[in-house]
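Q: sequence plus the predicted model coming up.
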Amino acid sequence: MTFAAVVLAATLLGPVPSAFADDPLLTQDEAVELVRARTDGRILGVDTVNERQFRVRVLVRQGEVRVFRVDRVTGRVR
């Protein structure tokens, strides 16, 4: 490929936006629903940890409080 062809290809492809760049982050309600699907406990609260995570506190049947972290980008619950 010649230099001109490489420059032309780069110009035509240009700044291609990421397919995921415009995906919205999870809301607090969506994070709560993800946690609710994993446990049958009572949701005590949800806090924003940072731009990327929520912390969801749940009272489980055994009487203990469990804390889950939900990634706002991937939806992963830990």
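A: Alright, I've got the coordinates.
Q: for residue 36, give me its contacts.
A: Residues in contact with residue 36 (C-beta atoms under 8 Å, 6 or more residues apart in numbering) are residue 43. Just so you know, the C-beta spots here come from the backbone N, C-alpha and C atoms, and that holds for glycine as well.
Q: what about it, distance to residue 60?
A: Separation of residue 36 from residue 60 (C-beta to C-beta, to the nearest Å): 12 Å.
Q: check residue 67 too.
A: 11 Å.
Q: what sits against the nearest residue to residue 26 once chain neighbours are set aside?
A: Spatial nearest neighbour of residue 26, chain neighbours left out: residue 72 (4.6 Å); criterion: C-beta to C-beta, 6 or more residues apart in numbering. Residue 72 makes contact with 25, 26, 31, 51, 52, 53, 54, according to C-beta under 8 Å, 6+ apart.
Q: apply 10 Å and report the result again.
A: 24-28, 30-31, 48-54 (C-beta atoms under 10 Å, 6 or more residues apart in numbering).
Q: next one: residue 23
A: residue 73.
Q: and it, which of the three is it?
A: coil (DSSP: H, G, I helix; E, B strand; the rest coil).
Q: state the distance from it to residue 61.
A: Residue 23 is 35 Å from residue 61, by C-beta to C-beta.
Q: got the CA coordinates for the longest strand that the chain contains in CSV?
A: Scanning the chain for the strand with the most residues, using DSSP state E, yields strand 42-50. Output of strand 42-50 as CSV, limited to C-alpha atoms (Å, rounded to 0.1, in the frame of the first residue of the first chain):
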residue,chain,number,x,y,z
ARG,A,42,-35.1,-6.2,51.5
ILE,A,43,-33.3,-3.4,49.8
LEU,A,44,-32.1,-1.0,52.5
GLY,A,45,-30.5,1.6,50.3
VAL,A,46,-28.3,2.5,47.3
ASP,A,47,-25.4,4.9,47.1
THR,A,48,-23.3,6.2,44.3
VAL,A,49,-19.7,5.1,45.0
ASN,A,50,-18.1,6.9,42.1
